[in-house]
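*Asks:* 3D, please:
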Amino acid sequence: MTLFNTLFRVPFLLVFLLLSTTSKVSLAEEGYNPLHSPDFFDELNAFTVIYTQIKQLYVEEIDDKTMFQNAIQGLVDGLDPHSSYLNPKDQTNLIESTIGQFGGLGIVISTQGDLIQIISPIDDTPAYRAGLQAGDIILKIDAQRVRDINLEEAVKLMRGKPGTKVKLTIIRSDKAPFVLEITREIITITSVKGFLLDKGIAYIRVSDFQVQSAKLLKEVLAKLTDQNGAKIGSLILDLRNNPGGALVSAIDIANLFIDTEGTVVYTEGRIKSSNINFPAKPGDIISGAAIVVLMNEGSASASEIVAGALQDHNRAIIMGTTSFGKGSVQSVIDLPDGYGLKLTTARYYTPSGRSIQAKGIIPDIQLENITLYDPEDTVDLGSLEKDLKGHLSVEDPSQLSEEEVIRTQDEIKENQDKEIISFLKKDYFVHEAMNLLKALSILNSK
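*Replies:* From the prediction side, this is the model:
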């Protein structure tokens, strides 16, 4: 386990993939006529025969609505892991995931054969505090074997009322299967955090791409600039285990640092409206200061868009391991009665024309997961404050005056930041990024 996985693990809730970047459309723009397909009526006849046999012979009577709902679900599930037939509740969950607040455990998941793989946990959530990691495989949810249900059913089992518990049976590459009992919570994500690691070297972590993430990043960078007492000389942008999010957020964040004309990302699909170019808008907010972007196999979708854009514009050095490879676009199509269809309609391409799908972003500098710290010497942001000496009591803050409350909170924040910075410097990826930025600074000063 790397320090990063302990300090900044990125869970995501139970909602398929944290909105791999979803656009909303109406119905298909180019008509399809089944009469043009010679196989259509043969397959429709086969479907009708099977439908009739189930209606007549199945051990229990099933109504027609359920039969058709199941048929539609199977039709969509057979396409790819990211296309889904959405009932009204699913639609609501999808919207909640884009604004950064929803209920559940805090993990981004995808299918891995008959099982479910954790793409990444989300910062400061129950899954994060329980120790779930990118690459973990879920075998069972409570007593339910995952291989016997589909992704949506698994999501429903893991979601639930805050305060209730769920048991996950996990298999990890380096150990035998184990069980974690996790208490559900309302998940609210703070998507951007930042620290000044050294004079002139800023560290900013984006845990997922929400609509307001670019605005938050600018605010965090402004605070670090004030703390530095001068312009930031270099930046580490940490996108490890970031599962993605809103497309507009990825474009806005990339445009914060690009100072050349061109493209941030473009999409290509089968219909005309799926072919979109998202232009770069010159206006680098750190005036050309060196950037290192950290990525790993848990960096997906919007993370890959940002990294690919900065890499192709020669604006950043990408460091770490090859990213996840989630390079497809999902469109949400409204259907009658509150239902919807989340359908993969296009692929993402970097400015130079590289496809992200199933390939990922290859770092300029490859790193291995080397540990620079004692495995016992870890920090968990979820429990850090309560462990600090003189922490503010949540149960009875009335015992302190307003000035004491403010002073205590300031002390907690200062101690927290010092401890986090200390651990970050022991994170091998961050350590190597700092060494590279210092070397570049020396070269540029000559």
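
*Asks:* so who does Leu237 touch?
*Replies:* Taking C-beta atoms under 8 Å, 6 or more residues apart in numbering, we find Leu237 in contact with Ile204, Val206, Ile291, Val292, Val293, Leu294, Val306, Ala316. (C-beta placed from N, C-alpha, C; glycine too.)

*Asks:* Now the fourth one: phi and psi?
*Replies:* Val292 adopts backbone torsions of phi -120, psi 130, taken as degrees, to the nearest 10.

*Asks:* Quickly note the distance from the closest residue to it other than its chain neighbours to Asp427.
*Replies:* Leaving out its chain neighbours, the residue that sits closest to Val292 by C-beta to C-beta, 6 or more residues apart in numbering is Ala433, at 4.2 Å. According to C-beta to C-beta, to the nearest Å, Ala433 and Asp427 sit 9 Å apart.

*Asks:* Give me the phi and psi angles of the residue nearest the centre of the chain.
*Replies:* Residue closest to the average C-alpha location in the chain (C-alpha atoms, centre = their mean): Pro243, at 1.9 Å. Note on Pro243: backbone dihedrals following degrees, to the nearest 10 are phi -80, psi -10.

*Asks:* follow-up on the earlier one: compare Ala433 and Asp427 (neighbour count), which wins?
*Replies:* When neighbours are counted by other C-beta atoms under 10 Å, Ala433 and Asp427 differ, and Ala433 comes out ahead with 28 against 25.

*Asks:* May I ask which helix or strand encompasses the more buried one?
*Replies:* helix 428-445 (DSSP states H and E).

*Asks:* That helix - contacts with which helices or strands?
*Replies:* helix 3-7, strand 192-198, strand 201-206, strand 234-238, strand 290-295, strand 317-320, helix 402-426 (3 or more C-beta pairs under 8 Å, 6 or more residues apart in numbering; DSSP states H and E).

*Asks:* now that helix, how far from the chain's geometric center?
*Replies:* Offset of helix 428-445 from its chain centre (C-alpha atoms, centre = their mean, to the nearest Å): 27 Å.

*Asks:* Quick one: residues in contact with it.
*Replies:* By C-beta under 8 Å, 6+ apart, the list of residues contacting helix 428-445 reads 2-4, 197-198, 200-201, 203, 233-234, 236, 238, 240, 290, 292, 294, 296, 317, 319-320, 365, 367, 369-372, 424-425.

*Asks:* Next, work out how far apart the most far-flung residue of the chain relative to its centre and Ile276 are.
*Replies:* Here the chain reaches farthest from its C-alpha mean at Gln56, the gap being 45.4 Å by C-alpha atoms, centre = their mean. For Gln56, the distance to Ile276 equals 49 Å [C-beta to C-beta].

*Asks:* Hmm, Ser331 is touching Lys342, no?
*Replies:* Yes: Ser331 lies in contact with Lys342 (C-beta atoms under 8 Å); the separation is 7.5 Å.

*Asks:* Counting neighbours, go ahead and name the busier of these two.
*Replies:* Applying other C-beta under 10 Å to Ser331 and Lys342 shows that Lys342 carries more neighbours, namely 24 against 21.
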